[in-house]
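Engineer: Model the following, please.
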Amino acid sequence: MQYPNTEVIILGGSYAGLSAAMALGRSLRNVLIIDNGLPCNRQTPQSHNFLTQDGQSPSVIRELAKAQVLAYPTVQWLDDTAVKGEKVQDGFLINTASGQSVMTKKLIVATGIKDMLPDIKGFADCWGISVVHCPYCHGYEFRNQKTGILANGDKAFHLASLVKNLTDDLTILTAGKADFNPEQRSKFEKHNIKVVETEVTEIEHSKGVVNNIVFKDGSKARFDALYAAVPFVQHSDIPASLGCKLTAHNHIEINHLQQTTVSGIYACGDNSSGMRSVANAVSSGNLTGGMVNKELTEEAF
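Structural biologist: Numbering: from 1, shown residues only. Take a look at the predicted model:
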């Protein structure tokens, strides 16, 4: 056990985890960040809607943040993957893929989520580049362009209401029988939003930039961008294995202090919030670090 004085382990060293670590490092807490270097937005060329860093590469933001956080002497970094967590008398025992075992008083889970991409040729190559999830993060860059929404039902309707403000050339691709009520269909007609039910089989692209959508019947349609509502799972099963409750939408359930349903375990970032953005991850991480420090302080004071 190489980290005998660890007070807080942070699982995940992207924006939320680093933000929590900074708050804790500035409070002289002994922190260990465990991260495997595979953030979910690693394919995205630019980050947006984050003050002072608008348009910057996500990796540049992350590396700058990491350097600033590790300048605090009580914060350490372990390139590894946490694979198991165990509740013990004085906190938690975390085991890693390389065989390390580390004890900690408090645990922060900032592991993000894993998108379950559809089996559509070209989809994964375009994900985060021109096939995107969020109009706040990406919409401005695709304003006034020919845009598709690969979704159905309420998810498609919600996305359409937001994207319509960014372009007048909008088509919903339900990839099967459309599931909309009469009121939703009336809204689509009012705003000239087309609905195509034919299954999508391929996204033709140039280095991740969408050119055409190919349908099962062999037809093609040109698009500049595609929004997609894809399901996700938790990137780590450690929180659930320790008893942390998940919400109906598969996020880790937290309260207003970022506490999970298990005492001593906190969560921040995409794994516990529907607002999936760099800015929100940093904000939730900052709050989490402060709340963990507060709990440690109250226990010792």
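Engineer: so who does the nearest residue to Arg276 once chain neighbours are set aside touch?
Structural biologist: Among residues not flanking Arg276 along the chain, Asp270 sits closest, at 5.1 Å (Cβ to Cβ, 6 or more residues apart in numbering). (Each C-beta comes from the backbone N, C-alpha and C, glycine too.) Shown in contact with Asp270 (Cβ atoms under 8 Å, 6 or more residues apart in numbering): 16, 40, 112-113, 276, 281.
Engineer: Let's see which of these end up in strands.
Structural biologist: Under the assignment DSSP state E, these contribute Ile113 to strands.
Engineer: Neighbour count added to the contacts of Asp270, as JSON lines?
Structural biologist: JSON lines is the format used below for those (neighbours: other Cβ atoms under 10 Å):
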{"residue": "Ala16", "neighbour count": "34"}
{"residue": "Cys40", "neighbour count": "20"}
{"residue": "Gly112", "neighbour count": "26"}
{"residue": "Ile113", "neighbour count": "21"}
{"residue": "Arg276", "neighbour count": "18"}
{"residue": "Ala281", "neighbour count": "28"}
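Engineer: For Asp90, state which of the contacts of Asp270 is nearest.
Structural biologist: Using Cβ to Cβ, Ala16 comes nearest to Asp90 of the contacts of Asp270, at 25.4 Å.
Engineer: that older thread, okay if I get the contacts of Asp270 as TSV plus pLDDT and distance to Phe215?
Structural biologist: Listed next are the contacts of Asp270 as TSV, based on pLDDT from 0 to 100; distance: Cβ to Cβ, whole Å:
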residue	pLDDT	distance to Phe215
Ala16	97	38
Cys40	75	28
Gly112	95	32
Ile113	94	29
Arg276	88	29
Ala281	96	36
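Engineer: okay, now Ile61: neighbour count?
Structural biologist: Ile61 is flanked by 19 other residues according to other Cβ atoms under 10 Å.
Engineer: what's next to whichever strand or helix holds it, contact-wise?
Structural biologist: Applying DSSP states H and E as the criterion places Ile61 in helix 58-70. Taking contacts as Cβ under 8 Å, 6+ apart, the residues outside helix 58-70 that touch it are 13-15, 18-19, 21-22, 25, 33, 39, 41-42, 44, 46-47, 50, 53, 75-77, 278.
Engineer: One more pass at 10 Å, please.
Structural biologist: The contact list for helix 58-70 (Cβ atoms under 10 Å, 6 or more residues apart in numbering) reads 10, 13-15, 17-26, 31, 33, 35, 37, 39-47, 50, 52-53, 56-57, 75-77, 128, 278, 282, 285.
Engineer: what comes up buried for it?
Structural biologist: The neighbour-count check on helix 58-70 (16 or more other Cβ atoms under 10 Å) flags 58, 61-62, 65-66, 69-70 as buried.
Engineer: Could you measure from Phe232 over to Ala160?
Structural biologist: Taking Cβ to Cβ, to the nearest Å as the measure, Phe232 falls 21 Å from Ala160.
Engineer: Val278 too?
Structural biologist: Relative to Ala160, Val278 is positioned 25 Å away (Cβ to Cβ).
Engineer: So for these two, which sits in the more crowded spot?
Structural biologist: Between Val278 and Ala160, Val278 has the larger neighbour count (other Cβ under 10 Å), namely 26 against 23.
Engineer: Now for the more buried one: which residues touch it?
Structural biologist: Contacts of Val278 by Cβ under 10 Å, 6+ apart are 14-16, 19, 41, 44, 47-50, 53, 56, 58, 61-62, 65, 137, 269-270.
Engineer: what ranges do the strands span in the stretch 201-301 of the chain?
Structural biologist: For the stretch 201-301 of the chain, the strands defined by DSSP state E, counting those that start in this stretch occupy 209-215, 220-222, 225-228, 232-234, 265-267.
Engineer: Out of those strands, which gets nearest to Lys105?
Structural biologist: Closest among the strands of the stretch 201-301 of the chain, using Cβ to Cβ: strand 265-267, at 11.1 Å.
Engineer: avg pLDDT for the closest one?
Structural biologist: Averaging pLDDT along strand 265-267 yields 98.
Engineer: Packing partners of it?
Structural biologist: Helices and strands touching strand 265-267, by 3 or more Cβ pairs under 10 Å, 6 or more residues apart in numbering; DSSP states H and E, are strand 8-11, strand 106-109, helix 238-241, helix 278-300.
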